[in-house]
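Peer 1: Give the three-dimensional model of this entry:
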Amino acid sequence: QVRLVESGGRLVQTGGSLRLSCTISGATFLSYAVGWFRQAPGRERDFVGAVSWSGRVTKYVDSVQGRFTISRDDPKNTVYLDMNSLEPNDTAVYYCAASRSDGYESGSVNQYDYWGQGTRVTVSS
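Peer 2: Take a look at the predicted model:
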């Protein structure tokens, strides 16, 4: 059984930084691309970015480009989302998800097979 567990979410001030972690178990880690999504209150779950199976390819939405970085540590079966220059608009529950589809870069939730339970990030103004 594939399981994803996010951690690292907390309250942070505007301009601050945060690292989220996503640890995957029960699967061949290198078989999956991993994406990060976020969902603010009253809104749909939005794609933030993703990293390929190899870790060589990353993709980000425009709103986080240059501020957020996704990386993977294969020996630890963990993917990280490093967030800098945080803004109140970044406040959301952040989810990681695993995909075996070539369409993972599309950011569509339908391209992802397994999801974590989410970790809450609150950015205070």
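
Peer 1: and residue 75, helix, strand or coil?
Peer 2: Using DSSP: H, G, I helix; E, B strand; the rest coil, the three-state assignment for residue 75 comes out as helix.

Peer 1: From residue 45, how far out is it?
Peer 2: Computed with Cβ to Cβ, to the nearest Å, the distance linking residue 75 and residue 45 is 29 Å. (C-beta placed from N, C-alpha, C; glycine too.)

Peer 1: now residue 11
Peer 2: According to Cβ to Cβ, residue 11 and residue 45 sit 21 Å apart.

Peer 1: more neighbours, the two?
Peer 2: Neighbour tally, residue 11 and residue 45, criterion other Cβ atoms under 10 Å: the higher count belongs to residue 45, 16 against 12.

Peer 1: Just give the number of residues close to the closest residue to the more buried one other than its chain neighbours.
Peer 2: Nearest residue to residue 45, sequence neighbours excluded (Cβ to Cβ, 6 or more residues apart in numbering): residue 39, at 4.4 Å. Using other Cβ under 10 Å, the number of residues around residue 39 comes to 14.

Peer 1: Residue 39 contacts residue 46, doesn't it?
Peer 2: Yes: the criterion here is Cβ atoms under 8 Å, and residue 39 meets it with residue 46 at 7.0 Å.

Peer 1: For the spatially closest residue to residue 103 that is not a sequence neighbour, give its distance to residue 12.
Peer 2: Closest residue in space to residue 103, ignoring its immediate chain neighbours: residue 111 at 4.2 Å, by Cβ to Cβ, 6+ apart. From residue 111 across to residue 12, the span is 30 Å (Cβ to Cβ).

Peer 1: mind exporting the host helix or strand of residue 46 as PDB, just the C-alpha atoms?
Peer 2: For residue 46, the host element (DSSP states H and E) is strand 45-51. Coordinates of the C-alpha atoms in strand 45-51 are reproduced here as PDB (Å, rounded to 0.1, in the frame of the first residue of the first chain):
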ATOM      1  CA  ARG A  45      -6.900  22.200  -5.100                       C
ATOM      2  CA  ASP A  46      -4.300  24.000  -7.200                       C
ATOM      3  CA  PHE A  47      -1.000  22.600  -8.700                       C
ATOM      4  CA  VAL A  48       2.100  24.200  -7.300                       C
ATOM      5  CA  GLY A  49       4.900  22.200  -9.000                       C
ATOM      6  CA  ALA A  50       6.300  18.800  -9.600                       C
ATOM      7  CA  VAL A  51       9.600  16.900  -9.900                       C
END
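
Peer 1: Alright, I will stop here.
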